[in-house]
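Asker: Whatever this is, show me its structure:
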Amino acid sequence: MTRPTLPYVETLANHQRSEAWRADAAQSRDHPILFWITRGQGRVMVDCRMRGIGPNTAIFIPPHTLFSYEMFASPQGMVVSLPRDETVGFPRRPALLKVSTVQAQAEITGLIDALSRELGELRTGQRRAVMAYAMMLGVWLDRAVTDQPQGELGKSDRVLQKFSHVVSIGHRDGKSLGEFAADLKVTPTHLTRLTQNAVGKPASALLQERVIQAACEALIHTDRPVQDIAEKLGFSSPAYFTRAFQVHTGKSPSAFRKIR
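Answerer: Numbering: from 1, shown residues only. This is a model prediction of the structure:
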């Protein structure tokens, strides 16, 4: 199975089914992603901050941002995986936006629908049109963020944001929680207290979830041997990787790859 070419538009239901592992486990992407929730309730964790979400909520996740989500009550919506292109001008910080006006709701729905239609048809100028719609989504997000300022982060939130970023980009290095904490100039105990209070999970669990998500992605989207995946993710041996993977997913890496 290969990764879809970006941009990529899908329903929330299809996105949840295509998740490599669990949507409620810490994960990150190397490209921006936009959730447009039109129906249902849930909660989202972004940069180790938990927030409730409901209908008409837009959630923008920049690259290398730790996040997870849970949806309840028959949710509906769209998910747009966006290209990592600096010229498009997407926001640099995450945003959770309650879209309260009918006009703004129609605007974002219309842009996503138009992008989806353009992606579904092979026509002259398709790439330019696709990038134009992606850029318009960036403009819409900029305006929405301006209308709903996200506020300044406190000291604890800044530590959590930095932890989110270093785990997102450094989860393949095989670093221990103590090494991540040292990079942030805090103790592992303090870091764990912060994440436990913020999202109800120790920092070690968030790190483990991100590593397992990376393993799931590699098993699904590549043909790399399990031994190679284990080495790339910093495991001391394939046997240790297999045990850790099975504890978290209930399946061996080989069995997981076959059913996906």
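Asker: Look up phi and psi at V44.
Answerer: With angles defined as degrees, to the nearest 10, V44 sits at phi -130, psi 140.
Asker: where does the closest residue to S18 other than its chain neighbours land in three-state SS?
Answerer: Nearest non-adjacent residue to S18, counting by Cβ to Cβ, 6 or more residues apart in numbering: E10, 7.4 Å away. Where C-beta positions appear, they are placed from N, C-alpha and C, glycine not excepted. Three-state assignment for E10 (DSSP: H, G, I helix; E, B strand; the rest coil): strand.
Asker: what's around E10, how many residues?
Answerer: Close neighbours of E10, defined as other Cβ atoms under 10 Å, add up to 16.
Asker: got it, and P149?
Answerer: The tally of other residues near P149 (other Cβ under 10 Å) stands at 7.
Asker: Tell me which helix or strand it sits in.
Answerer: Under DSSP states H and E, no helix or strand contains P149.
Asker: Tell me the confidence at it?
Answerer: P149 is assigned a pLDDT of 78 by the prediction.
Asker: That one and I33, how far apart?
Answerer: Distance, P149 to I33, using Cβ to Cβ, to the nearest Å: 22 Å.
Asker: OK, contacts around the residue nearest to S18?
Answerer: E10 makes contacts with 18, 78-79, 81, as judged by Cβ atoms under 8 Å, 6 or more residues apart in numbering.
Asker: Just give me how far stretch 9-28 sits from the chain centre.
Answerer: Relative to its chain's centre, stretch 9-28 lies at 9 Å (Cα atoms, centre = their mean, to the nearest Å).
Asker: Would you mark the buried spots in it?
Answerer: Neighbour-count burial for stretch 9-28, counted by 16 or more other Cβ atoms under 10 Å, picks out 9-10, 12, 15, 20-28.
Asker: So what does M71 look like in phi/psi?
Answerer: The phi/psi pair for M71 (degrees, to the nearest 10) reads phi -120, psi 140.
Asker: Tell me how many other residues crowd it.
Answerer: The number of residues packed near M71 is 22, by other Cβ under 10 Å.
Asker: can you check Q246 too?
Answerer: Q246 is flanked by 14 other residues according to other Cβ under 10 Å.
Asker: same thing with A181?
Answerer: 21.
Asker: hang on, it packs against T187?
Answerer: Yes. The criterion here is Cβ atoms under 8 Å, and A181 meets it with T187 at 6.0 Å.
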